[in-house]
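Participant: Take this sequence and fold it.
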Amino acid sequence: APTAPWLALAADTGSSDSDGVTSTGEINVTGLETGAAWEYSTDAGQNWHSGTGTNVVLAEGDYASRAVQVRQTDAAGNVSTVGTLSGAVKVDV
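Facilitator: Numbering: from 1, shown residues only. Got it, this is the predicted structure:
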């Protein structure tokens, strides 16, 4: 099975560069295998959405630690473990 993708806040625009507050909502997704499909969840894996490119843009709101998740499926149909955004995030547009 492929490895879990990694997630990182693209720009922390809050009062410090580590407070988890952003005005863009952009989350970078890395560690994707060539040819793999990927999907993301913003509710701790209850609902999944197809991902494209290498980022996800979150809607305005608050996201609990580990609520934003990503997984990938390789060409053979193997599904990775879930990669999570470990800290809470507030998108304040």
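Participant: could you pull out the strands for this structure?
Facilitator: Secondary structure of the chain (DSSP state E): strands located at 6-9, 21-22, 26-30, 37-41, 49-50, 55-57, 61-63, 69-73, 83-84, 89-91.
Participant: Among those strands, which comes closest to Ser15?
Facilitator: With C-beta to C-beta as the measure, strand 21-22 is the member of the strands of the chain nearest Ser15 (7.2 Å). For every residue, glycine as well, the C-beta is placed using N, CA and C.
Participant: what lines up beside that closest one in the sheet?
Facilitator: Using DSSP bridges, the strands paired with strand 21-22 are strand 89-91 (parallel).
Participant: what sits up against the strand it pairs with?
Facilitator: With C-beta atoms under 8 Å, 6 or more residues apart in numbering as the test, strand 89-91 has contacts from 9, 14, 20-25, 27, 58-63, 68.
Participant: Buried ones among those residues?
Facilitator: Using 16 or more other C-beta atoms under 10 Å as the burial test, the contacts of strand 89-91 include Leu9, Gly14, Gly20, Val21, Thr22, Thr24, Gly25, Ile27, Leu58, Tyr63, Val68 as buried.
Participant: so how far is Gly53 from the nearest residue to the fifth one once chain neighbours are set aside?
Facilitator: The shortest distance from Thr22 to any residue that is not its chain neighbour, by C-beta to C-beta, 6 or more residues apart in numbering, is 5.3 Å, and that residue is Thr13. The gap separating Thr13 from Gly53 is 21 Å, by C-beta to C-beta, to the nearest Å.
Participant: Tell me which of the two has more neighbours.
Facilitator: Neighbours were counted for Thr13 and for Gly53 using other C-beta atoms under 10 Å; Thr13 has more, 13 against 8.
Participant: show me the contacts for the more buried one.
Facilitator: Val21, Thr22, Ser23, Thr24.
Participant: so what pLDDT did the residue sitting furthest away from the middle of the chain get?
Facilitator: No residue in the chain sits farther from the centre than Ala76, which is 22.8 Å out by C-alpha atoms, centre = their mean. Ala76 carries a pLDDT value of 95.
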